[in-house]
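> give the three-dimensional model of this entry:
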Amino acid sequence: MCSLRAQIPPQSLSEAAAVISSESLLSSAPLGTPPVTAILFPGQGAQVVGMAGEWCDSHPLAAKLFARAHAIVGYDLLDICRHGPASTLNTTAVSQPAILVTSLAALEVLRSRSDQAAGAGVLAKATITAGLSLGEYTSLVFANAIDFDDAVRLVDARGRAMQACAEARPGAMLAVLGLDRGRLEALCQESRQADVLQIANVLCPGNIVVSGSKEACQRLDLAAMRAGAMKCIALEVAGAFHTEFMQAAVEKLSSCLNAATIRPPRIPVVSNVDARPHDDPDEIRSLLARQVVGVVEWEASMAYLLSTGVQNVWEVGPGRVLRGLLKRIDRSLVCSGVFD
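Residues are numbered from 1 along each chain as shown. Below you'll find the model as predicted:
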């Protein structure tokens with residue numbers, strides 16, 4: 001059983017609640033607004049030392065989010081984001097809450113801009129959202145489905161549980177460029193042997209990540225290059241995410257999800273699991289748990305998002321990976337970032 005409040009002393013809870021009201025985490029947009037703008041949130045791997053720069057000092061609400069997160073996770077997340085060391089920031093347990101809070105802080109920066117075309121106006125026009133893997137939690141906060149406090153606790157628990165799985169059962173991930181999904185699935189089957197090896201992330205045409213044992217990934221690397229892949233890149237990750245190696249994390253996360261308050265989102269949040277939005281809180285809980293061991297269907301999620309008529313996309317958080325992936329799908333889109 002997971003108590004989402006167990007990690008925080010009572011006095012820290014009251015202090016955190018006084019820092020910033022959860023109502024500040026985004027005003028509602030009318031549900032009938034035509035789909036024009038989408039908000040995307042990055043996932044693990046986007047972190048970099050310095051990502052929460054000096055801009056936090058000039059945006060009080062952004063800084064207060066980090067203060068609130070500090071009270072919840074029990075360490076100075078802002079200091080690690082700013083100063084590292086990278087070896088700490090890049091751990092799964094730290095990078096996941098770091099990216100969540102940095103992205104939500106960047107959201108406050110976007111909302112605070114006086115230029116309505118580039119600030120609050122963007123958020124008012126946003127009628128759909130998605131986040132890559134852990135970024136889905138950020139999307140659910142943006143859509144008022146999960147409160148900030150619960151999201152930080154959930155992502156903190158998720159990151160710790162996934163790191164524990166990676167330490168208990170080491171694995172690897174490999175990005176394969178230039179092969180279609182069907183061919184890559186066949187190569188996974190051939191290279192798997194008695195090990196675990198499966199597609200983990202379908203990011204955009206010709207960019208698919210596989211995950212599994214180190215030995216199976218090495219065999220696939222050779223097989224993919226022989227089959228005509230443009231390139232194979234071993235990812236610097238702690239383990240074989242989005243495989244059965246993470247099953248113990250699913251069990252821990254599920255109890256935490258059951259303890260969290262989840263509401264129907266105010267705007268559609270596209271699930272990584274089936275590339276569709278969902279309204280039912282229990283269904284959202286189930287999908288968030290399944291996501292840890294299942295395929296991240298990002299390309300299909302973006303196809304669904306674009307089918308709603310989206311023309312403008314904002315990537316809110318560290319990096320610009322999601323904009324790059326989206327341009328591989330539709331180069332005509334207008335893609336922006338908060339700090340561009």
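
> got the residue ranges for the strands in the stretch 201-340 of the chain?
Under the criterion DSSP state E, counting those that start in this stretch, the stretch 201-340 of the chain contains strands at 207-212, 231-234, 269-270, 312-315, 334-337.

> could you list the domains of the chain?
Domain assignment for the chain, taken from automatic domain parsing, gives 10-166+244-337, 171-234.

> mean neighbour count and mean pLDDT added to those domains, as CSV?
For the C-beta atoms, the positions are set from N, CA and C on the backbone; glycine is no exception. Formatted as CSV, the domains of the chain follow (neighbours: other C-beta atoms under 10 Å; pLDDT from 0 to 100):
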stretch, mean neighbour count, mean pLDDT
domain 10-166+244-337, 20, 89
domain 171-234, 18, 97
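
> picking that back up, reformat the strands of the stretch 201-340 of the chain as a markdown table; add distance to Ser103.
A markdown table is the format used below for the strands of the stretch 201-340 of the chain (distance: least, C-beta to C-beta, whole Å):
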| stretch | distance to Ser103 |
| --- | --- |
| strand 207-212 | 21 |
| strand 231-234 | 24 |
| strand 269-270 | 14 |
| strand 312-315 | 9 |
| strand 334-337 | 11 |
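
> tell me where the stretch 51-200 of the chain has strands.
Applying DSSP E, counting those that start in this stretch to the stretch 51-200 of the chain gives strands spanning 126-131, 172-177, 197-204.

> what's the spacing between the residue of the chain most remote from its centre and Gly206?
Farthest-out residue of the chain from its mean C-alpha position, per C-alpha atoms, centre = their mean: Arg226, at 32.7 Å. Using C-beta to C-beta, to the nearest Å, one gets 17 Å for the distance from Arg226 to Gly206.

> residues touching stretch 180-193, excluding its own?
Here stretch 180-193 makes contact (C-beta atoms under 8 Å, 6 or more residues apart in numbering) with 176, 179, 197-199, 202, 206, 208, 210, 212, 216, 219-220, 223-224, 227.

> looking at these, spot the one nearest Glu244.
Gln198 (8.4 Å; C-beta to C-beta).

> show the contacting residues for the closest one.
188, 210-212, 242-243, 295.

> mind putting these in a markdown table, distance to Asp274 included?
Output for these, formatted as a markdown table (distance: C-beta to C-beta, whole Å):
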| residue | distance to Asp274 |
| --- | --- |
| Cys188 | 21 |
| Val210 | 20 |
| Ser211 | 19 |
| Gly212 | 22 |
| His242 | 14 |
| Thr243 | 18 |
| Val295 | 10 |
